[in-house]
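Enquirer: Task: produce atomic coordinates for the following.
(chains A, B, C and D)
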There are 2 protein chains.
Amino acid sequence: MATIRDVARLAGVGIGTVSRVLSENGSVSQKTLTKVNDAMAALNFTPNSSARALSSKKYNTIGIWGTETSGELDRKTLIKIEHELEPFNIKIIVTDGDKKSTKNNTHNSPQTTHRKSIENIFKSGCDGLIIWGSDISALEIIQIENEYPNIVLLNNKVDLLPDKSFTFDHYQAGYFAAKNLIDNGHTKIACITGWLDVDDGNLRQQGFLDALKDNNIDIPNTLIFEGNYTFRKGYEGALHLLNQKTPFTAIFCGNDQSAMAAISALTKKGFNVPNDISIMGYDDMNIASYTLPPLSTIQMPFQKMAISATRRLLNLCYNLDLEVNYDFPIKLINRESVRNLKD
Amino acid sequence: MATIRDVARLAGVGIGTVSRVLSENGSVSQKTLTKVNDAMAALNFTPNSSARALSSKKYNTIGIWGTETSGELDRKTLIKIEHELEPFNIKIIVTDGDKKSTKNNTHNSPQTTHRKSIENIFKSGCDGLIIWGSDISALEIIQIENEYPNIVLLNNKVDLLPDKSFTFDHYQAGYFAAKNLIDNGHTKIACITGWLDVDDGNLRQQGFLDALKDNNIDIPNTLIFEGNYTFRKGYEGALHLLNQKTPFTAIFCGNDQSAMAAISALTKKGFNVPNDISIMGYDDMNIASYTLPPLSTIQMPFQKMAISATRRLLNLCYNLDLEVNYDFPIKLINRESVRNLKD
DNA sequence: TTTATAATTGGAACCGGTTCCATTATTTAC
DNA sequence: GTAAATAATGGAACCGGTTCCAATTATAAA
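Expert: Numbers count the residues shown, from 1 in each chain, chains lettered A, B, ... in the order given. As a prediction, the model looks like this:
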């Protein structure tokens, strides 16, 4: 592997000059520029990233941290983020917040463990971090941000860090979903929630409940099933709700997965969706148009949000000035799983 | 940030000694060991990864390269891989083989682009690479392996590199799937294939066809629909097959997504699955138990395979001797989407 | 006790970039 | 044409580790 010294020798210039050509700042005459570029090409030179990182104190790497419950961060989104980083030659490392073997964490609370695991990522070498999901407390985030300001929150909101928070209005989304059912004439509405100890799940639930309240609709506790976004809980939830013998005509589900599983359970028990019971999902997964019936759900531009979060992080880390957006409008997708009772 | 020189000064030893403590090789007396460890703790010392990488020429990083069509590499698998790397303090960077903006690639074939993109990953700093998916030719892989031997193939097989290839027996899997339909009395069988220009898709198709042939079952061209693993193509494929007016009682689908979409299309057209038409999937996605009806499919231990591939790569990169497995038995999962015509 | 051998130890040199400053070449102003 | 200002250039010093060798100390053998 050729080094800048090799390039300098071949081009007949000093190493400082080569470095100046590389970093594209500092002044270099047209003549030397050509000489140096030719030499680089001849030697098939690529700057050594470790050496660069060592002397410049920039890793040209950002991290993504998330936990099991962070939700859907699929490959598509990852790739979107990567494409955002690519023009700047930034790499992306992923890490799991749930890893167990962090040394001697026996006497640490999950809180400290989260913080430690994040600190470790920074120490192991990255310029900034996307903290994905809301499975980490605002306090912890503030503490982390204090020491490592180059962070950005994806699908989480901390009031003290509005310019680093990227999230949807989950409250409004929950409200919309409920409103949609109500507008279709439903008044006996059940729900299968997501995690409620996590902000976004909680907010959407609150929006849902408030929409009912604002329309003078009462929801008995028997019609609220606490789920966790999985297929399994969606399935169990639907069966559980049926067993309550409290009549209902619709279920609002915390995400599309629970919704699909609920449809499955209901159908198996002889109920027709949407004729007997309507189902409202949340997420608009790819698959949602291909369920039986196709799922009415809430769509959120997750990838757009990820892109904006990434840009903000780039601005923070590398003093850039990329355009960043904080508003990610949600959309009601009406397919066929909600019946209009007013017909 | 404290450096080893700070640690050495505080502990009253030389920097070589501190380095020896860090790397845990070379001999250090118990007494100095304690002194150095205390000093490290007091200074909250973490070795600088760039400096380490520069002098040791190890990045302690491995990459994962894949393309759009590489298939399912979900977060769960990524995390499994990460857990494998964690004890050795290795990081993982992900990259997309489909990225467009690689400089001046205008006159390059996709082939060279793939190779270039992989070379770039190595140059940008990683010790080894998991090449995921078979969307890259054997020739290219051989060329790459020649220059960068630290690679491992996930879900791909190159005959010249048996010890670096990790894949399922897709041929056998396709054969199994067809056999299952035949054993259930089906003789008029259609299929919605995956990508056929990719090895694994091609192999499973071949296995499928051979099973039919071995049982003297003929499949007309009208009952073969070339798909691409997407929901959309699955849906279109089912409609297309119905339009052919060639009667059939079962469809073998290239993956679960096409299968689900096919079920959706058939149901919409008034056919009952499995009573009118049976559906066989391939993958056993999480969701497969919750479709209507639950999907009969082929299960492959993808995560186990990923773990073995990762271990092999670790062995290659860091001279380790972790246990590696090359046999990943597939499994037929019988749910409810295939009807037994012999009843 | 002396000598041979092995275990420890310190630190210079190095990895390949970036930065900064002193020096030289080139313009511009008058 | 000369002085002053500006542009271009070379290279030492540095970033924070690892490695290797020479020097020192401890241990074993005689």
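Enquirer: Tell me where chain A has helices.
Expert: A:4-11, A:15-23, A:30-43, A:49-56, A:75-85, A:110-125, A:138-147, A:170-183, A:199-214, A:231-243, A:256-268, A:302-318 (DSSP state H).
Enquirer: Worst mean pLDDT among the ones you listed?
Expert: Sorting these by mean pLDDT places helix A:110-125 lowest, at a mean of 84.
Enquirer: and the stretch 151-300 of chain A, which residues reach chain B?
Expert: Contacts of the stretch 151-300 of chain A with chain B, taken as C-beta under 8 Å from any C-beta of the partner chain, map to A:231, A:234-235, A:257, A:260-261, A:263-264, A:267, A:286-287, A:289-292, A:294. All C-beta spots, glycine's among them, are computed from the backbone N, C-alpha and C.
Enquirer: Quick check: the residue nearest to residue A:314 when sequence neighbours are not counted vs residue B:131, distance?
Expert: Nearest residue to residue A:314, sequence neighbours excluded (C-beta to C-beta, 6 or more residues apart in numbering or on different chains): residue A:320, at 5.2 Å. Distance of residue A:320 to residue B:131, computed by C-beta to C-beta, to the nearest Å: 32 Å.
Enquirer: Also residue A:62?
Expert: On the measure of C-beta to C-beta, residue A:62 and residue B:131 end up 23 Å apart.
Enquirer: So for these two, which residue has more residues nearby?
Expert: Shown here are residue A:62 and residue B:131; by other C-beta atoms under 10 Å in any protein chain shown, residue B:131 has more neighbours (30 against 26).
Enquirer: pLDDT value on that one, please?
Expert: As predicted, residue B:131 sits at a pLDDT of 95.
Enquirer: Then residue A:94?
Expert: We have a pLDDT of 89 for residue A:94.
Enquirer: Residue ranges of each domain in chain A, please.
Expert: Structural domains assigned to chain A are A:4-47, A:57-167, A:170-300, following automatic domain parsing.
Enquirer: Just list the residues touching the residue in the stretch 101-250 of chain A positioned nearest to chain B, thanks.
Expert: The stretch 101-250 of chain A approaches chain B most closely through residue A:125 (4.1 Å), counting by C-beta to the nearest C-beta. Counting by C-beta atoms under 8 Å, 6 or more residues apart in numbering or on different chains, residue A:125 touches A:53, A:59, A:61, B:49, B:50, B:91.
Enquirer: What is the burial count for the last one?
Expert: Counted with other C-beta under 10 Å, the neighbours of residue B:91 add up to 24.
Enquirer: Could you find the closest non-adjacent residue to it?
Expert: What sits nearest to residue B:91 in space, not counting adjacent residues and going by C-beta to C-beta, 6+ apart, is residue B:61, at 4.6 Å.
Enquirer: hang on, isn't the one you found packed against residue B:89?
Expert: No - checked against C-beta atoms under 8 Å, the pair residue B:61 and residue B:89 is beyond contact range at 10.2 Å.
Enquirer: more crowded one of the two?
Expert: The neighbour count for residue B:61 versus residue B:89, taken as other C-beta under 10 Å, is higher for residue B:61 (25 against 10).
Enquirer: who touches that one in this structure?
Expert: Contact analysis of residue B:61 by C-beta under 8 Å, 6+ apart lists A:93, B:90, B:91, B:92, B:93, B:125, B:126, B:127.
Enquirer: bridging residues for the fourth one?
Expert: Yep, that's residue B:92 we're talking about. For residue B:92, the beta-bridge partners under DSSP bridges are residue B:62.
Enquirer: what residues are up against the closest residue to residue A:293 other than its chain neighbours?
Expert: In space, residue A:293 comes closest to residue A:336 once its chain neighbours are excluded; the distance is 3.9 Å by C-beta to C-beta, 6+ apart. Shown in contact with residue A:336 (C-beta under 8 Å, 6+ apart): A:274, A:293, A:294, A:296.
Enquirer: and what of residue A:91?
Expert: A:60, A:61, A:62, A:85, B:93, B:95, B:124, B:125.
Enquirer: just checking, the fourth one touches residue A:93?
Expert: Same thing as residue A:85. No - assessed by C-beta under 8 Å, residue A:85 is found out of contact with residue A:93, at 11.2 Å.
Enquirer: where does the stretch 51-200 of chain A come near DNA strand D, residue by residue?
Expert: Contact residues, the stretch 51-200 of chain A versus DNA strand D (C-beta under 7 Å from any atom of the strand): A:51, A:54, A:55.
Enquirer: What is the neighbour count of residue A:224?
Expert: Here the number of neighbours of residue A:224 (other C-beta under 10 Å) works out to 17.
Enquirer: Across the sheet, point out what pairs with it.
Expert: residue A:191.
Enquirer: Could you list the contact residues of chain A toward DNA strand C?
Expert: Contact residues (C-beta under 7 Å from any atom of the strand) of chain A with DNA strand C: A:1-5, A:15-16, A:19-20, A:22-23, A:45-48, A:51-52, A:54-56.
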